[in-house]
Structure formats: C-alpha cells, structure tokens
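# got a sequence here, can you build the structure:
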Amino acid sequence: MKRLMLQHAFRFVERVVFLVGVDNRRSQRAVEKIGGVRVGTRLDAGGHDSIVYQITAATFGQARDPIRLSSE
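Presented below is the predicted three-dimensional model:
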C-alpha cells in the first residue's frame with residue numbers, strides 16, 4: 001500500500017516529506033525502511049520538535065528493504 005501511495009504521489013510531485021516526532025523511534029525506522037532520508041529538524045504545528053524525512057522521485061525504489069507489492 002505504501003509503495004502504491006508513493007507511486008501515485010510521484011506522478012505529481014518530485015519529493016514527499018514526512019515529519020516524525022523525535023521520540024517516535026518506531027516511525028523513524030519505518031520511514032527509513034521505505035527510503036526516507038533524514039534532512040533536518042523543525043517544529044511541528046504544536047511546537048514540538050520533529051525530524052524531517054524526504055523521499056525523492058529520483059531515489060524512490062532504492063530502499064534498503066523494498067516494499068512488496070503482493071499480499072504475502
């Protein structure tokens with residue numbers, strides 16, 4: 001599902017950005033697993049620190065652990 005959503009997004013944009021809480025290690029690993037690259041930090045809408053990840057259309061699909069398209 002994630003791969004399909006990203007494929008759809010890259011039909012319209014060159015990069016996708018994710019904001020993940022600094023204490024949310026599980027989500028950080030999940031974003032990295034699908035190819036997200038940490039590019040910095042910023043405050044979210046609630047004033048909390050967040051890590052900024054991005055996936056670009058050029059690097060999409062080069063994740064360490066590719067997402068399977070079939071339902072296994």
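
# how about low-confidence regions in this protein?
Applying pLDDT under 70 to the chain picks out residues 1, 62-72.

# all helices for the protein, in order.
2-9, 25-33 (DSSP state H).

# most tightly surrounded among those?
helix 25-33 (a mean of 14; mean count of other C-beta atoms under 10 Å). (Each C-beta comes from the backbone N, C-alpha and C, glycine too.)

# got the angle between it and helix 2-9?
Compare the direction of helix 25-33 with that of helix 2-9 by axes from the mean of the first three to the mean of the last three C-alpha atoms, to 10 degrees and you get 60 degrees.

# other SSEs contacting helix 25-33?
strand 15-21, strand 49-56 (3 or more C-beta pairs under 8 Å, 6 or more residues apart in numbering; DSSP states H and E).

# what residues of the shortest one count as buried?
By 16 or more other C-beta atoms under 10 Å, the buried positions in strand 15-21 come out as 16, 18-20.

# how about these in TSV, adding distance to T41?
Formatted as TSV, those follow (distance: C-beta to C-beta, whole Å):
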residue	distance to T41
V16	18
F18	13
L19	9
V20	10
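
# closest to A57 among these?
V16 (8.7 Å; C-beta to C-beta).
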